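>>> what's the 3D shape of this:
(one chain, ligands or ions: 1)
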Amino acid sequence: MQAKLFSTYSIKDLTLKNRIVMAPMCMYSSENEDGKVEDFHITHYVSRAVGQVGLIIQEATAVTPQGRISSKDLGIWSDDHIEGLSRLTKQIKSYGSKTGIQLAHAGRKATVEGEILAPSAIPFDENMKTPKEMTREDIHDVIEAFKQGALRAKKAGFDVVEIHAAHGYLINEFLSPLSNKRTDPYGGSAENRYRFLREVIEAVKEVWNGPLFVRVSASDYHPDGMTPEDYVTLSRWMKEQGVDLIDVSSGAVVPARIHAYPGYQVPFAEAIKHGADIPTGAVGLITTGIQAEEILQNNRADLIFLARELLRDPYFPKTAAKELGTAIEPPKQYDRGW
Ligand SMILES: Cc1cc2nc3c(=O)[nH]c(=O)nc-3n(C[C@H](O)[C@H](O)[C@H](O)COP(=O)(O)O)c2cc1C
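Now for the predicted structure:
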């Protein structure tokens, strides 16, 4: 029997050749600090395409310069970024993989020079800068930046856009009552706290009609924070907005110790998949083909996102196929000895 991990998966007009996704991972490796794709990024991402990963999601890519986690992040805040990104997508696709980009704003976790922005003027911890509470104009400008980022992603040839609403970055900061203490229509009730994300999704959808993913942190791991149940409700609503898949991570809106063990976030992906009736991606300490296959066979998620395992083994699909007693096609360039 063909392993489900190696079955195709379609979203809208896009078909992935397998269920293996490279999770977004910032490499903090832009020597020139201008957010442009460099040789390193081509080598890094394209190796995973040679390794036959179905979908490669580029790291958190900043929609504004001040929304970078670090000055060595990739960016998409200017039309000048399109050329390098196009080179990258073209090369990834030449090996039969599909490409996604995670559009991001770091909010109060930005470590760049100058003013940083957040829903409320509360620093992440005592070592970080105190952010400026965003004005309505700032909110409008950042939403517009997400929209322009999505438009540039389209021009650069990406197949999937993923909105980064997790890990305590700007959108997550609006969602969580731990970081959002606003008293205007963007804070207070759940509906108000979700407004910023809603407006980002609406703006992105004005220019992007391809597959749209949203990455969430399904738990704040804090008694006063967002819970997995809150995210089931939010995901049901995102489905109605036309979001195609929820990439389910957790934590990092406030400093908290997380007990991570193999597959520790899979229950969140499973709860959202069934509770909100929307496809999900599972991520977090998934490291073997057997583990990935079990998640899919038990219908706990639709796609398997791998981060660190793909840093260790760019050929994970080949390794997993062997483990599952099957074989996969090599890239055509390797067909004499894969
Ligand atoms: C070096 C590194 C960079 C990361 N950068 C991002 C990022 O840009 N965006 C994001 O949503 N998650 C990021 N993550 C989290 C991963 O996508 C993933 O959720 C996490 O590492 C758990 O998966 P794993 O156990 O397979 O590594 C990063 C993780 C690592 C190790």
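
>>> The residue lying closest to residue 4 once chain neighbours are set aside: which element?
Among residues not flanking residue 4 along the chain, residue 296 sits closest, at 4.1 Å (C-beta to C-beta, 6 or more residues apart in numbering). Where C-beta positions appear, they are placed from N, C-alpha and C, glycine not excepted. Residue 296 belongs to helix 289-297 when assigned by DSSP states H and E.

>>> What residues sit buried inside the very next helix or strand once past that helix?
As assigned by DSSP H and E, the chain's next helix or strand after helix 289-297 is strand 303-306. Judged by neighbour count using 16 or more other C-beta atoms under 10 Å, the buried positions of strand 303-306 are 303-306.

>>> Return the member of these nearest to the ligand.
residue 306 (4.9 Å; C-beta to the nearest ligand atom).

>>> residue contacts, residue 222?
Residues near residue 222 by C-beta atoms under 8 Å, 6 or more residues apart in numbering: 178, 253-254, 256.

>>> Ranking by neighbours, what's the top pick from the residues you listed?
residue 253 (29 neighbours; other C-beta atoms under 10 Å).

>>> My guess is that one contacts residue 180. True?
No. The criterion here is C-beta atoms under 8 Å, and residue 253 misses it with residue 180 at 9.6 Å.

>>> and for the two, which residues touch both?
Contact criterion C-beta under 8 Å, 6+ apart; residues shared by residue 253 and residue 180: residue 173.

>>> just the contacts of residue 222 now: which is nearest the ligand?
For the contacts of residue 222, the nearest to the ligand is residue 253 (13.0 Å; C-beta to the nearest ligand atom).

>>> check contacts around residue 103.
Residue 103 is in contact with 61, 63, 76, 146, 149-150, 153, 161-164, 204, counting by C-beta under 8 Å, 6+ apart.

>>> rewinding a little: inside strands: which ones of the contacts of residue 222?
Among the contacts of residue 222, no member falls in strands (DSSP state E).

>>> what does the stretch 1-150 of the chain put close to the ligand?
Neighbours of the ligand within the stretch 1-150 of the chain, by C-beta under 6 Å from any ligand atom: 23-26, 59-60, 102.

>>> what about burial for those residues, which qualify?
Buried among these by 16+ other C-beta under 10 Å: 23-26, 59-60, 102.

>>> could the residues you listed be laid out in a markdown table, adding pLDDT and secondary structure?
Formatted as a markdown table, those follow (pLDDT from 0 to 100; DSSP: H, G, I helix; E, B strand; the rest coil):
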| residue | pLDDT | secondary structure |
| --- | --- | --- |
| 23 | 98 | coil |
| 24 | 98 | coil |
| 25 | 98 | coil |
| 26 | 97 | coil |
| 59 | 98 | strand |
| 60 | 98 | strand |
| 102 | 98 | strand |
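
>>> Could you export these as CSV, including distance to residue 136?
Listed next are these as CSV, based on distance: C-beta to C-beta, whole Å:
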residue, distance to residue 136
23, 34
24, 29
25, 33
26, 29
59, 30
60, 25
102, 26
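
>>> still on that earlier bit, among the buried residues of strand 303-306, which are within reach of the ligand?
Counting by C-beta under 6 Å from any ligand atom, the members of the buried residues of strand 303-306 near the ligand are residue 306.

>>> Next, format the buried residues of strand 303-306 as a markdown table and append pLDDT.
Output for the buried residues of strand 303-306, formatted as a markdown table (pLDDT from 0 to 100):
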| residue | pLDDT |
| --- | --- |
| 303 | 99 |
| 304 | 99 |
| 305 | 99 |
| 306 | 98 |
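
>>> Could you single out the nearest of the buried residues of strand 303-306 to residue 264?
Using C-beta to C-beta, residue 305 comes nearest to residue 264 of the buried residues of strand 303-306, at 13.5 Å.

>>> Alright, calling it a day.
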